[in-house]
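Q: Show me how the following folds:
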Amino acid sequence: MKSAAENVYTQFELSVAKHPDRIALDSDKQQLSYRTLYQSVEQLAAVLSEQGITQQDVVLVKLERSIEFITAVLALLRVGATYLPVSNKLNESDLSFMLQETQARFVICTDVTSLPGMGIEVLDIVDMLAQQPTQSAPGVTRSREACAYIMYTSGSTGRPKGVRVPDRAIQRLVVDSDYIQITPEDAIYMTADISFDAATFEIWGALLNGARLIIDGAEFSPTRFMRNVAAKNATIAWLTSGLFHMLGANRPEVFRPLRAILAGGDVLSSAVIRSVLNTCPDLTVINGYGPTENTTFTCCYVMDDVTLPQDNVPIGYPIRGTHIAILDDELEHVSDGESGILYAYGDGVALGYVGDRDKDNAFFYNEKISSGLIYRTGDKVKRVNGKIHFLGREDNLVKVRGYRVSMEFVTEKLYQLDYIENAFVHLIKDHAGNNALSAKVTTKKPVSSKLIKQELATMISPYMVPDIIEVKEKFSLNKNGKIAKNQLIEV
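A: Residues are numbered from 1 along each chain as shown. I've put the predicted structure just below:
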């Protein structure tokens, strides 16, 4: 068993010491060995120190997926700072809000003219990488409890919340993990936006295990992904469930070069997974579930052609370093088969939100459950034969025809129809102003909404069948590769 180092940066240094000549970063422009990357990081860390960045400073990093981004976040950890990754597409209002709430004093970017009037020091990454510092960065003592990064969750209403993630949570995610064993022979293909927490798995899964990180700086394209996975000899990749369904339903052979594909962010279709595994029998498909507040993955379910269920795909089991409890409203444990709210505790739990933003007390202490900080996910789950099944958000139960209906449950049943590629169920008002369900789907073959309704009616109660089922040619995806639900609702 590999033991966790003192912090993320010292864990990275172990990779450098063990595999100095292996390729660490692989982009369209260049490749860097672990030795060369380390030298660049130490040089940049010295420059950052000369700029006045010190331990516990929050530094906003506004870059695309790139070697420069990876070098910057490593250098920030080297000097003891906290990195705040944001998308280049972030609007000015949210950017200003994040800078103010985190009290960040610096921004690292490539376009210094893109931040007018922000009252903050802007550092050009290209200029800094070309500088020759006069001395090395000072040594820092960084604990596993230090805040490594802040990631803002995309709240559906109001301002997003900044989640403070410590070093120990990153190490627990990828060092000696039990849901996947990453080795120096692996190459992880990076698809996630830097502001999305799947990037935590991709970046640190590679660099803390001596593996190669393949960085595709372009906007995600299925054609490009299919070409590069093969050309770059990728072995591991992560996709949102929307992208996985799109590729798995239409081009399952794209996954053939990989040994493992992780997918998550929404309900996974067992029919699509079976199609992928039939085409790629040596592949492992992993359903990864978890909120940002418990650092990317809380539970995972590992599937091959033997373990793939016939119907609902479970979220599986808590990963090493994470513990869960399924509790009722009185914080009492529920019996197997009964639904309750999922609570997470252990090394993956974040330090809390930036500022006084936890009005719902999602983070709390309770000695009956754990001596450490606990996170209330708000997700309804149940345990069946040891496996955890996701039932939906507690706030996604809607009243239709007098019955409470889980829209996730209806979505899950749609995915059990083998011709469904993507599905989205949402609430509408009928002509009388009453609640009704609407479903939008994409399909692998031509099929009528009438047939979908008929088949769905054999699987669920009549009151759960959507009043409207609309077959669309394709779904728009947002920058994180998830279904752009707001656009579908507006349509």
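Q: any idea where the strands of the stretch 351-491 of the chain begin and end?
A: 363-366, 370-384, 387-393, 397-400, 403-406, 420-429, 435-443, 468-471 (DSSP state E, counting those that start in this stretch).
Q: What residues sit buried inside the first one?
A: By neighbour count on 16 or more other Cβ atoms under 10 Å, the buried set for strand 363-366 is residue 363. Backbone N, C-alpha and C define where each C-beta goes, glycine included.
Q: Check which helices and strands the longest helix seen in the chain is in contact with.
A: Scanning the chain for the helix with the most residues, using DSSP state H, yields helix 34-50. The contact analysis (3 or more Cβ pairs under 8 Å, 6 or more residues apart in numbering; DSSP states H and E) places helix 34-50 against helix 8-18, strand 23-27, helix 67-78, helix 125-130.
Q: Tabulate the strands of the stretch 351-491 of the chain (JSON lines), appending mean pLDDT and distance to residue 412.
A: Output for these, formatted as JSON lines (pLDDT from 0 to 100; distance: least, Cβ to Cβ, whole Å):
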{"stretch": "strand 363-366", "mean pLDDT": "93", "distance to residue 412": "29"}
{"stretch": "strand 370-384", "mean pLDDT": "95", "distance to residue 412": "13"}
{"stretch": "strand 387-393", "mean pLDDT": "90", "distance to residue 412": "9"}
{"stretch": "strand 397-400", "mean pLDDT": "76", "distance to residue 412": "14"}
{"stretch": "strand 403-406", "mean pLDDT": "76", "distance to residue 412": "9"}
{"stretch": "strand 420-429", "mean pLDDT": "91", "distance to residue 412": "9"}
{"stretch": "strand 435-443", "mean pLDDT": "92", "distance to residue 412": "12"}
{"stretch": "strand 468-471", "mean pLDDT": "96", "distance to residue 412": "15"}
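Q: quick one on the thing from earlier: could you tell me the average pLDDT over the longest helix of the chain, please?
A: Taken as a whole, helix 34-50 carries a mean pLDDT of 98.
Q: Can you point out the buried residues in that helix?
A: The neighbour-count check on helix 34-50 (16+ other Cβ under 10 Å) flags 34, 36-38, 40-41, 43-49 as buried.
Q: dump the residue contacts of the residue nearest the centre of the chain.
A: Central residue of the chain (Cα atoms, centre = their mean): residue 198, 2.9 Å from the mean position. Listed by Cβ atoms under 8 Å, 6 or more residues apart in numbering, the contact set of residue 198 reads 191, 192, 238, 240, 264, 296.
Q: Now tell me what touches the longest helix of the chain from outside.
A: Outside helix 34-50, the residues that reach it (Cβ under 8 Å, 6+ apart) are 12-13, 15-16, 19-25, 32, 59, 70-72, 74-76, 78-79, 81, 123, 128-129, 131-138, 210.
Q: How far does that helix sit from its chain's centre?
A: Remark: helix 34-50 is offset 27 Å from the chain centroid, using Cα atoms, centre = their mean, to the nearest Å.
Q: before we move on, back to that, can you select the buried ones from the contacts of helix 34-50 in ChimeraX?
A: Per 16+ other Cβ under 10 Å, the buried members of the contacts of helix 34-50 correspond to this ChimeraX selection:
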select :12,13,15,16,19,22,23,24,25,32,59,70,71,72,74,75,76,78,79,81,123,128,129,133,137,210
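Q: for residue 290, phi and psi?
A: Main-chain dihedrals, residue 290, degrees, to the nearest 10: phi 160, psi 150.
Q: so it touches residue 297, yeah?
A: Yes. Using Cβ atoms under 8 Å, residue 290 is in contact with residue 297, at 4.4 Å.
Q: of the two, who's got more company?
A: residue 297 (31 against 27; other Cβ atoms under 10 Å).
Q: Helices of this protein, start to end?
A: Using DSSP H, helices in the chain cover 8-18, 34-50, 67-78, 92-102, 125-130, 167-174, 198-207, 222-231, 241-250, 270-279, 407-415, 449-457, 485-490.
Q: Turn those helices into CSV, columns for distance to residue 311.
A: Output for the helices of the chain, formatted as CSV (distance: least, Cβ to Cβ, whole Å):
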stretch, distance to residue 311
helix 8-18, 39
helix 34-50, 45
helix 67-78, 40
helix 92-102, 40
helix 125-130, 49
helix 167-174, 29
helix 198-207, 26
helix 222-231, 27
helix 241-250, 16
helix 270-279, 6
helix 407-415, 9
helix 449-457, 14
helix 485-490, 24
